[in-house]
Every structure is written in structure tokens, then in C-alpha cells.
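> Here you go, sequence then predicted model.
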Amino acid sequence: MTLEVAPVRAFKDNYIWTLRDARHAAVVDPGDAQPVLDYLARERLELVAILATHHHPDHVGGVAELLQRHPVPVYGPRGEPIATLTRAVGGGDRVEIPQLALAFDVLDIPGHTRAHVAYYGANMLFCGDTLFACGCGRVFEGTPEQMYASLAKLAALPDETLVYCGHEYTLANIGFAKAVEPGNVALLERERADAKLREAGRPTLPSTIGREKATNPFLRCLQPAVVESANKYLGARAAGPVQVFAAIREWKNRF
Ligand SMILES: [Zn+2]
């Protein structure tokens with residue numbers, strides 16, 4: 001069996017992405033242990049690694065309980081309060097999971113939290129709460145400058161990169177994106193396709209970097225239509241793409 005990425009659902013709309021072959025599994029952002037333990041037992045898999053993108057409880061809350069049953073390495077951002085980390089990582093580090101023949105580069109993408117990281121490798125990106133399908137995370141601990149730079153770093157990855165986000169927020173995000181960019185035809189096509197997936201009870205993820213660049217307003221802060229909407233929201237001219245980003249991020253908070 002080749003590598004598969006299975007969405008294990010947790011809470012209302014979290015995905016605990018589970019990378020697996022026929023025998024081994026690694027999980028990304030296990031906010032809750034029980035759904036992971038159930039999945040491992042049902043599929044008869046041995047857990048071999050835990051990866052965390054940031055410190056929020058809905059992403060790391062299940063780590064301690066998983067460790068009691070499976071003493072595996074826990075990777076996560078250096079510089080965030082995650083008591084269960086055993087391998088603190090940051091930008092430029094590499095995470096190897098030999099049992100799955102996988103290796104990831106660690107990318108620093110601060111903004112949502114102070115030291116949020118992403119894992120990129122094998123044409124896959126695990127980006128936690130920074131880049132969402134057609135949206136982005138709230139800027140809690142960093143600045144709009146940092147969040148904008150982090151999103152630009154992800155947007156520079158190859159178009160075909162599969163994007164695995166931490167939450168199923170896509171349809172709500174598309175609703176907002178349409179308000180920002182009502183004339184974006186790719187956005188309307190995406191809404192139809194993703195609505196169909198949700199009706200069938202399926203995730204809208206993974207997305208791709210190419211699809212995000214075509215439809216995600218937070219990656220389109222240089223597009224005239226996005227700039228115009230930001231200016232309208234501000235009642236003034238945004239001074240540059242970071243100000244456009246900050247304006248639509250604030251608008252989204254109130255949407
Ligand atoms: Zn978060």
C-alpha cells in the first residue's frame with residue numbers, strides 16, 4: 001500500500017491529518033486523542049510520529065494521551081508553549097519519518113501564533129491554521145506584516161502542492177471571498193464543486209496552491225478587484241498589499 005492521507009475528524013470542524021501506509025501512521029495536529037486511537041485500532045496501525053503546527057489546544061490537546069500509549073517523537077515549533085514536544089523545530093529544519101519513507105522541510109509561518117510552522121514535502125503542505133481553503137487564520141499573536149509574509153511564502157510553493165489545512169471552513173470562506181471579489185469566475189466554479197463535496201459528506205481538502213492563488217482573496221492582495229474592495233471597506237486607499245491584507249482580514253472578522 002502506498003502512502004495515503006486520511007482525514008480523522010475531531011471536534012466540530014478540525015481535521016487530524018493521518019499519513020499512513022499499511023502498517024504505520026503519523027498524525028498532524030491531534031487536538032483530541034480518542035478519534036486517533038480509534039482510527040489506529042480500527043486500521044491496525046502503529047503510530048510512529050506526531051507533528052504539531054502550533055500550540056492551540058484544538059491542535060495539540062490530544063498529544064499527551066497519545067504519548068501514554070505510543071511513545072513517539074513529537075515535532076513542533078520551538079518558541080511556543082507545547083509541554084509535550086520532544087523535538088522542537090523551526091524554519092530550515094527537516095523532519096524525517098523513516099517508517100513512511102517521508103521527509104518534510106519545516107517552514108516558519110508566524111502570524112496566527114508567534115512561531116507557527118508548516119511541514120512541506122512529497123508535494124504536500126500541512127499548514128495548520130495559517131492558510132485555509134479560500135481563507136486564512138486569524139492574526140492572534142503576530143502582525144499583519146508577518147501573516148502576509150507567511151502566506152506569500154506558502155503561495156510561492158509549486159501550484160500542484162496539495163494543501164492540508166487544519167479546519168473545514170471552505171464554504172464559509174468562499175462566501176466571504178465572493179463579497180471581496182464578486183467577479184471571480186474561478187471562485188464561483190469552486191463554490192459549486194466544494195458544495196457538492198460537502199453535500200456528499202466529504203472534505204473539501206486537500207486544496208492546491210494553484211487553486212488558492214486563483215480564488216483565495218488573502219493571496220490576491222495585488223489584484224485590482226481585491227484592492228478596490230479593501231479600499232471600500234477602509235473608506236480610504238490602502239497604502240500597499242499588507243494594508244489590503246489587514247483590511248480584508250479585519251473585514252472577515254466582522255463578516
Ligand atoms: Zn489555531
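Looks like it came in fine. Residues are numbered from 1 along each chain as shown.
> contacts, neighbours, all on C-alpha from now
Will do.
> can you pull the pLDDT of the residue most central in space within the chain?
The centre of the chain sits closest to residue 165, judged by Cα atoms, centre = their mean, with a distance of 2.8 Å. Looking at residue 165, its pLDDT reads 97.
> Quick check: nearest residue in space to residue 14, chain neighbours excluded?
Once flanking residues are discounted, residue 14 sits nearest to residue 167: 4.5 Å by Cα to Cα, 6 or more residues apart in numbering.
> and residue 89, what is it in contact with?
By Cα atoms under 8 Å, 6 or more residues apart in numbering, the contact set of residue 89 is 75-78, 106.
> Looking at strand pairing, list the partners for it.
For residue 89, the beta-bridge partners under DSSP bridges are residue 77.
> how about the strands in the protein?
Assigned by DSSP state E, the strands in the chain fall at 4-10, 14-20, 24-28, 46-51, 74-77, 87-89, 94-97, 102-108, 117-121, 124-126, 131-132, 135-136, 162-164, 207-208.
> Out of these, which one sits most buried?
strand 131-132 (a mean of 28; mean count of other Cα atoms under 10 Å).
> Report the mean confidence score over that strand.
What strand 131-132 shows for mean pLDDT is 98.
> Repeat that for stretch 243-255.
Here the average pLDDT along stretch 243-255 is 97.
> repeat for stretch 224-233
98.
> What lies in contact with it?
Here stretch 224-233 has contacts from 180-181, 217, 220-221, 237-238, 241, 244-245, 247-248, 251, using Cα under 8 Å, 6+ apart.
> If we ignore the residues flanking it in sequence, what's nearest residue 214?
Per Cα to Cα, 6+ apart, closest to residue 214 is residue 186, 6.7 Å.
> thought the one you found was touching residue 215?
Yes. Counting by Cα atoms under 8 Å, residue 215 is a contact partner of residue 186 at 6.3 Å.
> So for those two, which residue has more residues nearby?
Taking neighbours as other Cα atoms under 10 Å, residue 186 and residue 215 compare with residue 215 leading, 24 against 11.
> That one touches residue 183, doesn't it?
No. Residue 215 lies out of contact with residue 183 (Cα under 8 Å); the separation is 10.9 Å.
> Make a markdown table out of the contacts of stretch 224-233 and add distance to residue 206 and neighbour count.
Listed next are those as a markdown table, based on distance: Cα to Cα, whole Å; neighbours: other Cα atoms under 10 Å:
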| residue | distance to residue 206 | neighbour count |
| --- | --- | --- |
| 180 | 23 | 24 |
| 181 | 23 | 21 |
| 217 | 18 | 30 |
| 220 | 20 | 21 |
| 221 | 23 | 22 |
| 237 | 35 | 14 |
| 238 | 32 | 19 |
| 241 | 27 | 20 |
| 244 | 27 | 27 |
| 245 | 24 | 25 |
| 247 | 27 | 20 |
| 248 | 24 | 25 |
| 251 | 26 | 15 |
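> out of those, which one sits closest to residue 135?
residue 217 (7.0 Å; Cα to Cα).
> Could you verify my assumption that that closest one touches residue 180?
Yes. Residue 217 is within contact range of residue 180, at 7.1 Å (criterion: Cα under 8 Å).
> For residue 217, list the residues it contacts.
Counting by Cα under 8 Å, 6+ apart, residue 217 has contacts 134-135, 177, 180-181, 226.
> Which of the residues you listed fall in helices?
Judged by DSSP state H, those include 177, 180, 226 as members of helices.
> possible to save the contacts of residue 89 as TSV with distance to residue 122?
TSV is the format used below for those (distance: Cα to Cα, whole Å):
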residue	distance to residue 122
75	18
76	19
77	20
78	23
106	13
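> Just flag the most distant two among those.
Applying Cα to Cα across the contacts of residue 89, the maximum distance is between 78 and 106, 11.2 Å.
> what touches both of the two?
Contacts common to residue 78 and residue 106, judged by Cα under 8 Å, 6+ apart, are 89-90.
> residues touching residue 205, list them.
Per Cα under 8 Å, 6+ apart, neighbours of residue 205: 133, 163-165, 168.
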